[in-house]
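A.B. asks: Just need the structure, nothing else, for what follows:
(one chain, ligands or ions: 1)
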Amino acid sequence: MKRVFAYLKPYYPRMALGLFIKILGTFMDLGLPWVLAYILDDVIPKKSVSLILWWGAGMLLLSVGARTLNIVANRMASKVARDATETLRHDLFQKILSLSGRQLNYFTIPSLESRMTSDTYNIHHMIGMMQRIGVRAPIILIGGIIITSTLEPVLTLILIGVFPFMALIVYLVSKKGIPLYTNLQETVDKMVRVVRENITGVRVIKALSKNEYEKGRFSSVNKEVVDKELKAGTLMAVTNPAMNFLLNMGLTLVVIVGAFRVNSGSSEPGKIVAFLSYFMIMLHAVMAITRIFIGVSKASASAKRIAEVLDTEEDLKEIPFEPKNSDYHIEFDNVCFSYTHEPFITDISFGIKKGESLGIIGSTGSGKTTLVHLLMRFYDVDKGSIRINGVDIRSIDKQKLRGMFGVAFQNDVLFAESIYENINLGRGLTKEDVLIATEDAQAASFILNKDDKLNHKLTIKGSNLSGGQKQRLLIARALAGKPEILILDDSSSALDYKTDAQLRKSIRNNYKGTTSIIIAQRISSVMKLDKILVLEEGHMVGYGTHEELLKTCSVYQEIYQSQFGQLEGVL
Ligand SMILES: Nc1ncnc2c1ncn2[C@@H]1O[C@H](COP(=O)(O)OP(=O)(O)OP(=O)(O)O)[C@@H](O)[C@H]1O
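C.D. replies: Prediction:
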């Protein structure tokens, strides 16, 4: 909670002003029953209508003043809650963007989504509520006790006697409530994951007639959320009746003792009426405090989850390394890496010069994408090093490093924006630059056929395009801005052979200074590249030109045979 409260620091002056206004309004509210008691016991017996009207007008003024000040203070509180949560959400988003691949795997995307949304919402709700009710309720309670003790000290003792029991209920409920709400949020994460999978996979679910199965999967996680909500809600629901019971017991005692005191002449009816008014106001204040405890229980569970992300240490820090003299633009030097405890990528070493092209080929799951993830430093190597121009990538500023790449990953995302914006991606490229990239990516023909051309709006994930059109836009995005290193990760698999060949030709001719890495399943996509790396279960089983590999690498020969038939005559 401390971590989240720190976000309120810049708003202390505004909160202090709001607090002052709130206190003023609350005091006015507290004055009302006192004025009522005075009218009943002292003004009415004087039988002066004008005096009664004057005091009545005073009560009205007090009431309007209290309401107005309350509204002003509540509006200020809402603004503070809005602004503080905005900054918190901003920082959380920034932090999520800076998390490494390993850290993203640890938190999981659905959990980060619900931390960004429902957890920050709980904090927003709590900050607003603390300022609105959290200030008013204790003042009403303390102020009420002070005023009632001047009016009726004996009855006030009854009131005070009830409070320790109330405090005990609040303590016990919140102690059990916080873990219950943490658990509930974790189940909400699970539900977000199922919803996310269903929405992104809606087509395949329909195609495979898996609607009923998915409905069942959702119902089960939804039921889990409902059950946990019920459990937490049931615990919290104990609070209100228990408080009500205590207060009503107190109220009954007040009425009985009050009646005796009026009868015996030690008190006056006006005072008892005022006392009962205070009792009711204080009852509402106590109810409000229980609502705060429910909100705080939820918010502290959320604050813990948010702080966990915010306090995560950056694990891809810049580490100083001595640059080495190297002829290579990109160099892998005995690189080893594992996602889990099992070693996966083992002893990968190769180098490519500036402007050269490298193809990576291998069966599914052999580690092709992992190699480029390591090159872009989404993960750090466990052993060995990766160098660009002789400089270890761990010593290059991350922004600068990532700025060197133009990349199209498998199934990369297209946004619900214009074609131009999807390619530009906020890099300030001119329309001409973007058009050239679309021509090189063999996407210009279908774009120029659209009425609004580059301004054509895509639907979310580019669902109004064909698979091949999407791939060509992603390639155009990678090419735009003429990157130093181009990475195409299986991004031409949906292109026909002719378009694929034209794409390779335009990259060869128009991006001469660019070093390119092309991951592909088809030999035809890599055979003309300068070097080809063959991977098998994380091991490098071949490295060389197409002709060399056909002679020396059995895995490459197998792939060739599976795609082109016989080897005889080729060797
Ligand atoms: N984030 C991750 N956490 C744990 N394991 C992972 C992660 N990403 C990939 N893997 C595992 O690493 C292995 C290699 O994955 P990678 O994506 O590099 O293969 P690939 O050769 O690119 O496959 P494909 O041709 O199917 O794209 C796979 O067995 C995969 O299950």
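
A.B. asks: Not counting sequence-adjacent ones, nearest residue to the residue of the stretch 451-571 of the chain found nearest the ligand?
C.D. replies: When distances are taken as CB to the nearest ligand atom, the stretch 451-571 of the chain approaches the ligand most closely through residue 490, which lies 5.9 Å from it. Heads up, the C-betas are built off the backbone N, CA and C, glycines and all. With CB to CB, 6 or more residues apart in numbering as the measure, residue 410 is the residue that lies nearest to residue 490, at 4.8 Å, once sequence neighbours are left out.

A.B. asks: thinking the one you found is in contact with residue 369, fair?
C.D. replies: Yes. Counting by CB atoms under 8 Å, a contact exists between residue 410 and residue 369, whose distance comes to 7.1 Å.

A.B. asks: For these two, indicate the residue with more neighbours.
C.D. replies: Taking residue 410 and residue 369 together and counting by other CB atoms under 10 Å, residue 369 has the greater number of neighbours (17 against 14).

A.B. asks: give me the low-pLDDT residue ranges for this protein?
C.D. replies: Segments of the chain classed as low confidence (criterion: pLDDT under 70) are 200, 203, 566-571.

A.B. asks: Now do the buried residues in stretch 45-62.
C.D. replies: 55, 59, 62 (16 or more other CB atoms under 10 Å).

A.B. asks: was I right about the first one contacting residue 38?
C.D. replies: Yes. Using CB under 8 Å, residue 55 is in contact with residue 38, at 7.3 Å.

A.B. asks: Please list the residues of the stretch 51-200 of the chain that sit near the ligand.
C.D. replies: Within the stretch 51-200 of the chain, the positions adjacent to the ligand are residue 105 by CB under 6 Å from any ligand atom.

A.B. asks: if you set the cut-off to 8 Å instead, what comes out?
C.D. replies: For the stretch 51-200 of the chain, the residues in contact with the ligand under the definition CB under 8 Å from any ligand atom are 101, 104, 105.

A.B. asks: again with the chain
C.D. replies: Listed as neighbours of the ligand in the chain under the rule CB under 8 Å from any ligand atom: 101, 104-105, 339-340, 344, 362-371, 373, 410, 489-490, 519, 521, 535, 538.

A.B. asks: which of the residues of the stretch 51-200 of the chain next to the ligand count as buried?
C.D. replies: Buried residues within these, counting neighbours by 16+ other CB under 10 Å: residue 101.

A.B. asks: Let's see which of the residues of the stretch 51-200 of the chain next to the ligand end up in strands.
C.D. replies: Members of those lying in strands (criterion: DSSP state E): none.

A.B. asks: Mind checking which of the residues of the stretch 51-200 of the chain next to the ligand land in helices?
C.D. replies: Applying DSSP state H to these, the entries found in helices are 101, 104, 105.

A.B. asks: and the second one, what is it in contact with?
C.D. replies: If a contact means CB atoms under 8 Å, 6 or more residues apart in numbering, then residue 104 has residue 112 as its contacts.

A.B. asks: got it, and the first one?
C.D. replies: Taking CB under 8 Å, 6+ apart as the contact definition, residue 101 lies against 373, 378, 379.

A.B. asks: what about 10 Å?
C.D. replies: Contact criterion CB atoms under 10 Å, 6 or more residues apart in numbering gives 315, 316, 339, 370, 373, 374, 376, 377, 378, 379, 380 as the residues in contact with residue 101.

A.B. asks: closest point of the stretch 151-300 of the chain to the ligand, which residue?
C.D. replies: residue 193 (15.2 Å).

A.B. asks: That residue is in contact with residue 199, isn't it?
C.D. replies: No. In terms of CB atoms under 10 Å, residue 193 does not count as a neighbour of residue 199; the distance is 11.0 Å.

A.B. asks: ok, these two, which is more surrounded?
C.D. replies: residue 193 (17 against 10).

A.B. asks: And for the more buried one, nearest residue in space, chain neighbours not counted?
C.D. replies: Taking CB to CB, 6+ apart as the measure, residue 193 lies nearest to residue 110, with 3.6 Å between them; neighbours along the chain are not counted.

A.B. asks: And the helix or strand where the one you found lies, what does it pack against?
C.D. replies: The secondary structure element spanning residue 110 is helix 109-114 (assigned by DSSP states H and E). For helix 109-114, the helices and strands in contact under the criterion 3 or more CB pairs under 10 Å, 6 or more residues apart in numbering; DSSP states H and E are helix 49-98, helix 153-200, helix 269-310.

A.B. asks: which parts of that helix are buried?
C.D. replies: Counting neighbours by 16+ other CB under 10 Å, one finds that the buried residues in helix 109-114 are 110, 111, 112, 113, 114.

A.B. asks: Run a quick neighbour tally on the closest residue to the fourth one other than its chain neighbours.
C.D. replies: It refers to residue 113. Distances taken as CB to CB, 6+ apart put residue 192 closest to residue 113, at 5.4 Å, once the chain neighbours are dropped. As a burial measure, residue 192 scores 20 neighbours (other CB under 10 Å).

A.B. asks: wait, what's in contact with residue 534?
C.D. replies: Contacts for residue 534 were tallied using CB under 10 Å, 6+ apart; they are 359-363, 366, 526, 540-544, 549, 552-557, 559.

A.B. asks: For PyMOL, write the selection for the buried entries among those residues.
C.D. replies: The following PyMOL command selects only the buried members of the contacts of residue 534, with burial defined by 16+ other CB under 10 Å:
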select buried, resi 359+360+361+362+366+526+540+541+542+543+544+549+553+555+556+557+559
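
A.B. asks: For the residue nearest to the spatial centre of the chain, give its distance to residue 79.
C.D. replies: Residue closest to the mean C-alpha point of the chain, counted by CA atoms, centre = their mean, is residue 116 at 2.3 Å. Using CB to CB, to the nearest Å, residue 116 is found at 21 Å from residue 79.
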